[in-house]
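Visitor: show me how the following folds:
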Amino acid sequence: MIAVGDIREWRTHDVVDAGGHKIGTLEAIYVDTSADEPAMATVQIGLPTRHRLVFVPLDGATVGPGYVKVVYDKPLTDDLLPAEDEEAILRHYGLTYQPGTAGERQLARG
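Guide: Modelled structure (predicted):
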C-alpha cells in the first residue's frame, strides 16, 4: 500500500480500473483509522458540469505518473460516505469491516 504521506499528491489524478480504463478523477481519500492507511477514494465521474462522486476501495491500488490504478471495475455508491453505510460498502468489495474499540468509524476522510 502507498504511504499516507503521499495522499495529497493523488488528488486530481485520473483513476483507472484494472483494465486501464478511466473511471474518473480522484477527489478525496478515506483513511482506515485503525491502520492509518488509505482505504477508499471518492472519484468524480461524469462531465464537469454534471458530475457525481463514487466510492472505490484502494486495496491493491498502484500509483503511476498522473494516475491511480485500482483493482475494481465498478464503483458502488455516490457522494459522501454516511457512517451507517460504511460496513455495507466495505463488505460489498469483500473487505473486512472493523470499527474502533469504542465504536469509532473505520474510515476517515483524508
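
Visitor: please count neighbours and contacts with C-alpha atoms only from this point.
Guide: Noted.

Visitor: can you list the weak-confidence ranges in this protein?
Guide: Applying pLDDT under 70 to the chain flags the ranges 1-8, 74-81, 109-110.

Visitor: show me the strands in it, by range?
Guide: Remark: strands assigned in the chain by DSSP state E are 14-16, 22-32, 37-47, 50-57, 62-64, 67-69, 107-109.

Visitor: which of those strands is buried the deepest?
Guide: Between the strands of the chain, strand 14-16 has the highest mean count of neighbours, a mean of 24, where neighbours are mean count of other Cα atoms under 10 Å.

Visitor: quickly run through the sheet partners of that one, with directions.
Guide: Sheet pairing of strand 14-16 (DSSP bridges) gives strand 22-32 (antiparallel), strand 67-69 (parallel).

Visitor: can you list these in JSON lines and add distance to V15?
Guide: What follows is these, written out as JSON lines (distance: least, Cα to Cα, whole Å):
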{"stretch": "strand 22-32", "distance to V15": "5"}
{"stretch": "strand 67-69", "distance to V15": "5"}
